[in-house]
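Q: generate a structure from the sequence data that follows.
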Amino acid sequence: MNIFKNIFGKKTESIKTYEDFWSWFQKNENNFFEVVKNHRNIEKGFLNKISPKLEELKDGFYFLAGMYNTDTAELIITADGNTKNIVFVEELISHSPNLERWKFTAFKPANDIKNMNIEMAGYEFNSENISFYSTEFSDFPDEIDITIVHNDLNEKNKSEVGNGTYIFLDNYLGELDFLNNIDNLTIVGKQETENELIPIEKLKDFLTWRQKEFIEKYEGVRYDIENDEYSIVEAKLKSGNTLIAVVNTELLNWDRKASHPWISKITLKFDGSKNNGMPNKTEYDNLSNIEEEIMKELKDFDGYLNIGRETADGEREIYFACKDFRKPSKVFYKIQQDYSNVFEIEYDIFKDKYWQCFDRYIQN
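A: Sure thing, here's the model as predicted:
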């Protein structure tokens with residue numbers, strides 16, 4: 001019997017659900033606690049064990065671990081700023097067990113600025129050398145455009161100091177607020193600006209105020225696309241292939257776009273090499289069925305507005321403008337899993353309050 005055990009090894013647990021992961025974690029939590037508490041062999045005894053299990057569950061989970069206090073270890077699951085993975089981190093933590101010696105946290109939390117001092121690549125990042133200012137645009141009044149100023153940043157160290165400043169903000173604001181509350185971020189050196197600088201410790205209050213204003217302005221805004229007319233745009237590409245777009249141009253001229261600031265795009269790839277980049281009959285039917293399935297889930301009344309679709313060069317892209325990014329993340333991920341044997345599927349979710357990525361469809 002021992003011979004067979006040595007040959008085939010132990011049967012590993014398959015991780016397919018949140019419950020599977022936490023069941024596996026509970027069986028190992030005593031060993032994990034000792035490794036984290038004593039900080040011995042942490043890579044082999046903890047990091048290298050938990051990482052493949054999270055990857056088995058789903059791509060895009062990252063984690064941090066340390067002692068929350070002398071008696072409690074903390075495991076922080078993070079999406080590392082990737083919008084489309086936020087909802088899955090929240091779901092994973094919501095299924096976590098109640099363990100006496102463990103605290104499970106979704107996302108990197110905000111920290112008190114008084115305790116914030118990061119040292120990286122020979123540079124320091126703290127309230128003494130980091131400040132900010134905000135830029136307002138009359139054409140885009142709801143855009144929150146923040147410029148962060150680090151006193152020591154210059155052309156030679158732009159990469160190192162820029163990266164360190166970004167990490168500082170992530171830890172100061174907290175991962176989720178950083179993602180939600182800033183639309184555009186620029187990092188510069190003190191010598192690059194003549195703007196009046198604001199102490200970085202006032203950034204949280206500024207963002208809270210702007211976000212409160214935004215919510216009050218657009219709370220309850222709805223749009224019904226049922227009676228809208230869609231325009232067909234055709235073009236010839238440099239490759240000689242055809243581009244066909246079906247776009248709700250009436251919606252693109254809406255004056256309340258910022259109420260749906262998240263753009264969700266799913267891309268389905270097919271072999272269009274024999275048809276000027278267009279799908280054949282079978283591919284076309286499959287694409288239409290998938291689009292109908294998505295439309296049944298993402299409804300305008302719930303805050304998901306179908307902008308349209310574009311087909312060219314063996315790809316169909318379907319676009320939505322959304323009030324929130326969580327449901328599109330789940331719907332697109334399910335489509336990707338369900339139809340991976342039919343199409344190569346990718347999706348992305350990003351913030352674009354004024355839908356500038358669709359300006360190409362608006363005729364002057």
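
Q: give me the low-pLDDT residue ranges for the stretch 251-364 of the chain?
A: Applying pLDDT under 70 to the stretch 251-364 of the chain flags the ranges 363-364.

Q: what sits closest to the most centrally placed residue in the chain if chain neighbours are left out?
A: Among the residues of the chain, the one closest to the centroid is residue 83, at 1.2 Å (C-alpha atoms, centre = their mean). Leaving aside its sequence neighbours, residue 83 sits nearest to residue 349 (C-beta to C-beta, 6 or more residues apart in numbering; 4.7 Å). For every residue, glycine as well, the C-beta is placed using N, CA and C.

Q: show the pLDDT at the residue nearest to the centre of the chain.
A: Looking at residue 83, its pLDDT reads 96.

Q: output the contacting helices and strands for the longest strand along the chain.
A: In the chain, assigned by DSSP state E, the strand with the most residues is strand 140-150. Strand 140-150 sits against strand 130-137, helix 158-173, strand 184-189, helix 203-218, with contacts defined as 3 or more C-beta pairs under 8 Å, 6 or more residues apart in numbering; DSSP states H and E.

Q: run through the bridge partners of residue 315.
A: residue 269, residue 312 (DSSP bridges).

Q: for it, give its distance to residue 111.
A: 42 Å (C-beta to C-beta, to the nearest Å).

Q: what of residue 177?
A: Residue 177 is 12 Å from residue 111, by C-beta to C-beta.

Q: ditto for residue 165
A: 15 Å.

Q: the two: who's more crowded?
A: Using other C-beta atoms under 10 Å, the more surrounded residue of residue 165 and residue 111 is residue 165, with 25 against 14.

Q: the more buried one against residue 148, yeah?
A: Yes: the criterion here is C-beta atoms under 8 Å, and residue 165 meets it with residue 148 at 5.7 Å.

Q: shared neighbours of those two, anything?
A: 130, 187 (C-beta atoms under 8 Å, 6 or more residues apart in numbering).

Q: mind giving me the packing neighbours of the longest helix along the chain?
A: Looking across the chain with DSSP state H, the single longest helix is helix 18-38. Other helices and strands packing on helix 18-38, by 3+ C-beta pairs under 8 Å, 6+ apart, are helix 48-57, strand 62-69, strand 72-78, helix 86-94.

Q: can you redo the ones you listed as CSV with mean pLDDT, mean neighbour count and distance to residue 294?
A: Formatted as CSV, the helices and strands packed on helix 18-38 follow (pLDDT from 0 to 100; neighbours: other C-beta atoms under 10 Å; distance: least, C-beta to C-beta, whole Å):
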stretch, mean pLDDT, mean neighbour count, distance to residue 294
helix 48-57, 96, 15, 24
strand 62-69, 95, 14, 28
strand 72-78, 97, 20, 27
helix 86-94, 98, 18, 16
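
Q: mind checking which of these is nearest residue 281?
A: Of all those, helix 86-94 sits nearest to residue 281, with 35.7 Å by C-beta to C-beta.

Q: following the closest one, which helix or strand shows up next?
A: For helix 86-94, the following helix or strand on the C-terminal side (DSSP states H and E) is strand 102-106.

Q: what angle do the longest strand of the chain and strand 184-189 make?
A: 30 degrees (axes from the mean of the first three to the mean of the last three C-alpha atoms, to 10 degrees).

Q: contacts for strand 140-150 next, please.
A: 125, 129-137, 161-162, 165, 169, 181-190, 192-193, 195, 197, 200, 203, 207, 210, 214, 217, 258, 353-354.

Q: so how far is that strand off the chain centroid?
A: In this view, strand 140-150 has its centroid 19 Å away from the chain centroid, taken as C-alpha atoms, centre = their mean, to the nearest Å.

Q: which parts of that strand are buried?
A: 140, 142, 143, 144, 146, 147, 148, 149, 150 (16 or more other C-beta atoms under 10 Å).

Q: right, and residue 200 touches residue 113 too?
A: Yes: judged on C-beta under 8 Å, residue 200 makes contact with residue 113 at a distance of 7.0 Å.

Q: where does the stretch 1-150 of the chain have low pLDDT?
A: 1-12.

Q: just to revisit the earlier point, what's the PyMOL line that selects buried ones from the contacts of strand 140-150?
A: Applying 16+ other C-beta under 10 Å to these, the buried members can be selected in PyMOL as follows:
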select buried, resi 125+129+130+131+132+134+161+162+165+169+181+182+183+187+188+189+200+203+207+210+214+258+353+354
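
Q: can you pull out the strands in the stretch 251-364 of the chain?
A: 262-269, 304-312, 315-322, 344-351 (DSSP state E, counting those that start in this stretch).

Q: nearest to residue 24, of the ones you listed?
A: For these, distance to residue 24 was read as C-beta to C-beta. The smallest value, 28.4 Å, belongs to strand 344-351.

Q: and for that closest one, what's in contact with it?
A: Contacts for strand 344-351 (C-beta under 8 Å, 6+ apart): 83-84, 183, 261-269, 322, 325, 328-329, 332-333, 335-336, 339.

Q: partner strands of it, parallel or antiparallel?
A: Partner strands for strand 344-351, per DSSP bridges, with pairing direction: strand 262-269 (antiparallel).

Q: thanks again, I'm all set now.
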